[in-house]
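Engineer: Sequence and computational prediction follow.
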Amino acid sequence: MTEIHPTAVVSPHAELAAGVRVGPYAMIEADVTLGADCEIGAHAVVKRYTNLGARNRVFEHATLGGEPQDVKFKGERSRLLIGDDNLIRESATIHRASGEGEATRVGSRNFLMIGVHIAHNCEVGDDNIFANGAALAGHVMVEDHVFLSSNVGSHQFVRFGRYAMVGGKSKIVQDVLPFFITDGNPARVRGLNSVGLRRAGFSAASRLALKRAYQLLFRGALPLAAALATLEQTNDEHVRHLIAFIRDSRRGLTGANRRGAGEALIS
């Protein structure tokens, strides 16, 4: 059964599944769907056109589904869609999309710490961790298993590749490569995310293949096109994903000066 604190304000036009708990002074607006066993903390706000899956925990003073901070927004109907088993900590904010029928999407099993902000039209995958104060501008895409340290800030339309780790207070204005550690201001690739990959169960062969890819991209003398052509001979699914991510970039890549190549990986 649902448990709603007497001081909470819950619209009769919201849909609450079995086991939902709503804390003191929380607000649930109309056109909201809360999946089974969700917990909404004290003073949290879930605004209209927001859908949460099952077992999400939303902590105190978080706001989900707020209108986008976009000058083009004219009050059109858009959505915020959140999966299952997410932890959304105090004062986090996630905005619904800009554009009729568009959606901001957050997957499952993400851990969003205090003060995280996810802006309109972002697409966040699964199993990501965003530390305190990390902020995504509009239209950012985050793959899976990404770790953003505290106060990382990203430009709109940036992509974060899977298993990337980004150091605290990094300024991200171009795509962040998967599998590597990126840090600094300006941000640069610092090396393979070896600890993260080992903890995630990557085989020794895959970790070695990715290490060799890093060395070829950032420590070799080949131009980027030739380096990618060489990497395409590697029979490893993660290296193939890295190649595809680089080739699909539209904003350019957060990289490092490529020793001896006379060329930067940054466009």
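Structural biologist: Thanks, I have the structure now.
Engineer: residues contacting residue 9?
Structural biologist: Neighbouring residues of residue 9 by Cβ atoms under 8 Å, 6 or more residues apart in numbering: 26, 27, 28. From N, CA and C alone the C-beta is placed, and that goes for glycine too.
Engineer: Need phi/psi at it.
Structural biologist: Note on residue 9: its backbone torsions stand at phi -120, psi 110 [degrees, to the nearest 10].
Engineer: Bridged to it, which residues?
Structural biologist: Taking DSSP bridges as the rule, residue 9 bridges to residue 27.
Engineer: what pLDDT does it get?
Structural biologist: Looking at residue 9, its pLDDT reads 98.
Engineer: so where's this protein shaky on pLDDT?
Structural biologist: The model of the chain has pLDDT under 70 over residues 256-267.
Engineer: domain parsing for it?
Structural biologist: Listed domain ranges for the chain are 3-142, 197-254 (source: automatic domain parsing).
Engineer: Pick the most buried one from these.
Structural biologist: Each of these was scored by mean neighbour count; the highest is domain 3-142, a mean of 19, by mean count of other Cβ atoms under 10 Å.
Engineer: Please state the offset of that one from the chain centre?
Structural biologist: Computed by Cα atoms, centre = their mean, to the nearest Å, the chain-centroid distance of domain 3-142 equals 14 Å.
Engineer: Please report the distance of residue 162 from residue 105.
Structural biologist: The gap separating residue 162 from residue 105 is 16 Å, by Cβ to Cβ, to the nearest Å.
Engineer: Show me where this structure has its helices.
Structural biologist: Along the chain, the stretches classed as helices by DSSP state H are 194-199, 204-218, 224-231, 237-247.
Engineer: May I ask you to confirm that residue 151 is in contact with residue 172?
Structural biologist: No: the criterion here is Cβ atoms under 8 Å, and residue 151 misses it with residue 172 at 11.4 Å.
Engineer: Quick one: residues contacting the closest residue to residue 191 other than its chain neighbours.
Structural biologist: Distance criterion Cβ to Cβ, 6 or more residues apart in numbering; nearest residue to residue 191, sequence neighbours excluded, is residue 181 at 5.4 Å. By Cβ under 8 Å, 6+ apart, the contact list for residue 181 reads 164, 165, 166, 167, 189, 190, 191, 192, 193.
Engineer: Show me which of those are buried.
Structural biologist: Neighbour counting by 16 or more other Cβ atoms under 10 Å classes 164, 165, 166, 167, 189, 190, 192, 193 among the contacts of residue 181 as buried.
Engineer: could you redo these as CSV and give each row distance to residue 36?
Structural biologist: CSV is the format used below for those (distance: Cβ to Cβ, whole Å):
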residue, distance to residue 36
164, 32
165, 33
166, 33
167, 37
189, 42
190, 42
192, 40
193, 35
